[in-house]
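**Q** Here's my sequence, what's the structure:
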Amino acid sequence: MRTAIYVRVSTVTHSQPHTIEEQINRLRARLFAHGEDVADQHIFRDEGRSGATLNRPALDRLRDQVRLGDYDRILVTSPDRLARNYVHQMLLLEELERAGCTVEFLDQPMGDTPHDHLLLQIRGAVAEYERALIGDRMRRGRLARYRAGLLLPWTRPVYGYLLDPERPRDPKGVRLSEAEAAVVRQIFAWYLEDGASLSSIVNRLFAHGVASPSGRARWRHTTVRFLLRNPAYTGVLYAARTRTRRARARRSALEPVGKRDEGGRTLRSREEWVRVGTIPALVTPEQYEFVQQKLARNRQFAARNNTTHDYLLRALVSCGFCGLAATGRTARVGYPYYVCAGKRADGAGGGGRCRSRLTPAGKLDELVWADLCELIRQPQLIALELERAWGGSWLPAELTARRESLRKARVGLQQQVERLTEAYLGGVLDLGEYERRRREIEGRAEAFASQERELVQQVGRRHELAGMVEGVEDYCRRVSEALEGASFEQKRRLIELLIDRVIVTEAEVEIRYVILTSASGEHARFCHLRTNYLLPLSTILPRCRGDDARARARCRSLYCFRLCENSFHYSNVSPLT
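**A** Predicted coordinates:
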């Protein structure tokens with residue numbers, strides 16, 4: 001039996017090695033007691049991951065491998081390690097059971113009776129209630145300490161200030177860092193000058209050799225904007241100024257997602273802010289208000305908000321050199337281009353300007369639209385790549401033939417057992433020899449049975465794949481009827497739905513398509529179709545294709561990876577001539 005182990009801890013304190021190892025040791029001891037063992041590659045760890053969400057990298061990998069038939073059993077210490085929410089527990093258990101995989105809990109064994117399922121739901125509901133109760137108590141406790149002026153809302157000092165090393169969360173221990181405070185005052189003074197902008201401040205800081213708060217040679221526009229919008233520099237300290245929100249998109253479609261991109265934050269109304277106390281002021285309230293008015297005015301007239309020119313691939317183009325986004329720009333003579341953000345003074349992570357060239361917008365738009373039309377008119381290419389991404393090209397007749405061959409082999413082994421029994425009863429074999437030969441035959445029979453179960457799962461996947469291919473062909477047939485004579489708005493809507501990213505590297509263009517495999521995917525954004533949208537591409541590329549250049553060359557510059565049940569994603573590389 002192919003067994004996997006899943007372990008999870010949620011908080012930073014719990015994510016110490018001994019806690020994870022304690023769960024693993026207990027589960028391995030259970031296997032040792034039954035004469036089994038599990039290799040390290042079959043242990044799935046989620047360290048520092050909350051059980052209230054299903055967005056967990058190790059859990060996602062485990063679910064994908066179970067769906068491919070890699071495991072028959074999963075061991076977990078308790079149901080709350082699998083999920084805190086009992087609805088999530090039921091979802092996971094039903095999904096794993098449909099894939100032919102059983103889940104066993106060490107602390108709370110579960111049977112198949114309705115009573116056991118009811119107890120599991122009750123335990124999940126209690127675990128969810130406890131988590132919500134603890135979170136609410138911690139939130140109310142923090143707010144009470146904020147209002148009493150006993151807790152600093154910073155986990156690390158804001159640029160321009162220092163904390164008391166003995167009492168780092170005490171607001172009364174905040175003091176000025178004179179060198180950084182001088183820089184803050186200078187930035188506010190520069191921005192209030194006529195014609196000043198965030199770019200001009202970034203350039204002046206670089207010219208004066210002022211390092212950024214992270215120690216880089218160049219400041220980022222976002223760092224300067226955050227500094228100018230922080231009301232703490234007026235001497236009044238506030239808490240609960242922002243609230244979290246779900247992430248709606250990746251900062252860059254080509255880079256691994258960092259901690260900042262796992263979610264977003266939005267500013268609360270000023271009435272919701274909690275006043276903590278006072279700290280040394282760096283600017284006057286009048287200066288701060290003037291700066292906020294100028295920021296709002298400059299944002300209103302920013303070039304990115306100019307809608308005079310239309311760009312078919314707006315917000316979809318990325319640079320193949322530095323991975324940053326490319327935005328549309330139109331020269332005075334009327335030539336539109338896509339320009340990499342790394343060509344700015346502070347681009348490419350502060351390490352110098354990107355060496356990419358300007359990409360003619362008209363030529364790139366025509367290339368992408370022509371490739372998209374060709375793809376929709378040839379759904380058989382999508383079906384081929386979809387089948388390859390599923391890692392199997394066996395025909396149903398071949399699967400049936402193999403299953404019949406395994407059945408005949410099992411029947412032959414059963415006949416050998418019967419003949420062996422007759423020989424033992426006739427006194428030809430002694431008991432020890434009989435038992436040894438029978439164990440060998442039964443072991444071979446179990447191996448054949450395991451192979452037959454895998455074939456049954458492959459047949460099920462073939463039926464599911466056939467349904468996906470039919471959905472893709474139906475969608476392409478409906479869309480192809482509207483390609484001729486499509487307006488700019490219609491083209492733009494179709495491109496937003498079917499293209500995830502366009503990567504331009506010199507004269508080579510890589511188009512990453514999103515092909516919908518079910519009708520439910522036609523009414524949702526791509527980032528909401530895939531549960532692992534915020535993960536790096538390296539974690540979801542298929543094992544069957546390989547990552548080296550020769551493997552990509554064998555598949556004609558196309559490489560694929562699986563998405564969720566509503567969409568399928570693959571890339572096409574074309575020359576930009």
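
**Q** Quick check: residue 35 vs residue 104, distance?
**A** Computed as Cβ to Cβ, to the nearest Å, the residue 35 to residue 104 distance reads 16 Å. The C-beta positions use only the backbone N, C-alpha and C, and glycine is treated the same way.

**Q** Where does the record place the domain boundaries for this structure?
**A** 3-134, 161-303, 317-363, 368-385+483-575, 392-480 (automatic domain parsing).

**Q** and among the ones you listed, the most buried is which?
**A** domain 317-363 (a mean of 18; mean count of other Cβ atoms under 10 Å).

**Q** Can you give me the end-to-end span of it?
**A** Domain 317-363 has an end-to-end distance of 13 Å (criterion: Cα to Cα, to the nearest Å).

**Q** The stretch 1-150 of the chain: strands as residue ranges?
**A** 3-8, 43-46, 73-76, 102-105 (DSSP state E, counting those that start in this stretch).

**Q** Doesn't residue 511 lie inside a helix?
**A** No: counting by DSSP: H, G, I helix; E, B strand; the rest coil, residue 511 is not part of a helix but strand.

**Q** Is it in contact with residue 498, as I believe?
**A** No: using Cβ atoms under 8 Å, residue 511 is not in contact with residue 498; the gap is 9.8 Å.

**Q** Report the rounded mean pLDDT for stretch 128-144.
**A** In this model, stretch 128-144 carries a mean pLDDT of 80.

**Q** who touches it?
**A** Defining contact as Cβ atoms under 8 Å, 6 or more residues apart in numbering, one finds that stretch 128-144 is touched by 51, 52, 84, 85, 86, 151, 239, 240, 274.

**Q** can you redo the residues you listed as JSON lines with distance to residue 178 and pLDDT?
**A** Formatted as JSON lines, these follow (distance: Cβ to Cβ, whole Å; pLDDT from 0 to 100):
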{"residue": "51", "distance to residue 178": "46", "pLDDT": "84"}
{"residue": "52", "distance to residue 178": "44", "pLDDT": "81"}
{"residue": "84", "distance to residue 178": "48", "pLDDT": "81"}
{"residue": "85", "distance to residue 178": "50", "pLDDT": "77"}
{"residue": "86", "distance to residue 178": "55", "pLDDT": "72"}
{"residue": "151", "distance to residue 178": "26", "pLDDT": "90"}
{"residue": "239", "distance to residue 178": "26", "pLDDT": "90"}
{"residue": "240", "distance to residue 178": "30", "pLDDT": "85"}
{"residue": "274", "distance to residue 178": "29", "pLDDT": "89"}
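
**Q** just the residues you listed now: which is nearest residue 21?
**A** Nearest to residue 21, judged by Cβ to Cβ, of these is residue 51 at 18.8 Å.

**Q** List the residues that contact the closest one.
**A** Listed by Cβ under 8 Å, 6+ apart, the contact partners of residue 51 are 8, 10, 80, 81, 82, 83, 84, 85, 127, 131.

**Q** ok, the fourth one to residue 20 distance?
**A** Okay, so that is residue 81. On the measure of Cβ to Cβ, residue 81 and residue 20 end up 11 Å apart.

**Q** Out of the helices and strands in this structure, which is least certain?
**A** Every helix and strand in the chain was compared by mean pLDDT, DSSP states H and E; the lowest is strand 560-561, with a mean of 30.

**Q** can you give me how far the longest helix along the chain is from the chain middle?
**A** Longest helix in the chain, counting residues (DSSP state H): helix 431-480. Distance of helix 431-480 from its chain centroid, counting by Cα atoms, centre = their mean, to the nearest Å, is 30 Å.

**Q** After it, heading C-terminal, what element do we hit next?
**A** Per DSSP states H and E, helix 431-480 leads on to helix 488-498 as the next helix or strand towards the C-terminus.

**Q** Let me see the mean pLDDT of that next one.
**A** For helix 488-498, the per-residue pLDDT averages 84.

**Q** Pull it out as PDB, backbone CA atoms only.
**A** Only the C-alpha atoms of helix 488-498 are listed here, as PDB (Å, rounded to 0.1, in the frame of the first residue of the first chain):
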ATOM      1  CA  PHE A 488     -11.500  46.400 -30.300                       C
ATOM      2  CA  GLU A 489     -13.600  46.000 -27.100                       C
ATOM      3  CA  GLN A 490     -14.600  42.400 -28.100                       C
ATOM      4  CA  LYS A 491     -10.900  41.500 -28.900                       C
ATOM      5  CA  ARG A 492      -9.800  43.000 -25.600                       C
ATOM      6  CA  ARG A 493     -12.400  40.900 -23.600                       C
ATOM      7  CA  LEU A 494     -11.400  37.700 -25.400                       C
ATOM      8  CA  ILE A 495      -7.700  38.300 -24.800                       C
ATOM      9  CA  GLU A 496      -8.300  39.000 -21.100                       C
ATOM     10  CA  LEU A 497     -10.100  35.700 -20.900                       C
ATOM     11  CA  LEU A 498      -7.800  33.500 -22.900                       C
END
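
**Q** gap between that helix and the chain center?
**A** 25 Å.

**Q** Which neighbouring elements make contact with that helix?
**A** When contacts are defined as 3 or more Cβ pairs under 8 Å, 6 or more residues apart in numbering; DSSP states H and E, helix 488-498 packs onto helix 361-377, strand 508-516.

**Q** Nearest to residue 214, out of those?
**A** Closest among the helices and strands packed on helix 488-498, once you apply Cβ to Cβ, is strand 508-516, at 30.9 Å.

**Q** could you give the angle of that closest one to helix 431-480?
**A** Orientation check (axes from the mean of the first three to the mean of the last three Cα atoms, to 10 degrees): strand 508-516 against helix 431-480 gives 100 degrees.

**Q** Give me the sheet partners of strand 508-516 and which way each runs.
**A** As defined by DSSP bridges, the strand partners of strand 508-516 come to strand 499-505 (antiparallel), strand 567-575 (antiparallel).

**Q** and those, which one is worst for confidence?
**A** Note on the strands paired with strand 508-516: lowest mean pLDDT is at strand 567-575, with a mean of 64.

**Q** any idea which of the contacts of stretch 128-144 is closest to residue 145?
**A** residue 151 (3.8 Å).

**Q** Pairing partners for residue 339 in the sheet, please.
**A** residue 327.

**Q** Quick check: it vs residue 357, distance?
**A** When distance is defined by Cβ to Cβ, residue 339 is 9 Å away from residue 357.

**Q** Pick out the shakiest of the domains of the chain, pLDDT-wise.
**A** Lowest mean pLDDT within those: domain 368-385+483-575, a mean of 62.

**Q** Kindly check the end-to-end length of that one for me.
**A** Start-to-end span of domain 368-385+483-575 (Cα to Cα) is 11 Å.

**Q** Next up, the contacts around the closest residue to residue 280 other than its chain neighbours.
**A** Nearest residue to residue 280, sequence neighbours excluded (Cβ to Cβ, 6 or more residues apart in numbering): residue 176, at 5.1 Å. When contacts are counted by Cβ under 8 Å, 6+ apart, residue 176 touches 160, 161, 162, 280, 282.

**Q** again, only this time at 7 Å
**A** Shown in contact with residue 176 (Cβ atoms under 7 Å, 6 or more residues apart in numbering): 160, 161, 280.

**Q** Residue 147: which of the domains of the chain is closest?
**A** The nearest among these, by Cβ to Cβ, is domain 161-303 at 6.1 Å.

**Q** Tell me the gap between the closest one and the middle of its chain.
**A** For domain 161-303, the distance to the chain centre is 28 Å (Cα atoms, centre = their mean).

**Q** can you check stretch 375-384 too?
**A** Averaging C-alpha positions (Cα atoms, centre = their mean) puts stretch 375-384 27 Å from its chain's average.
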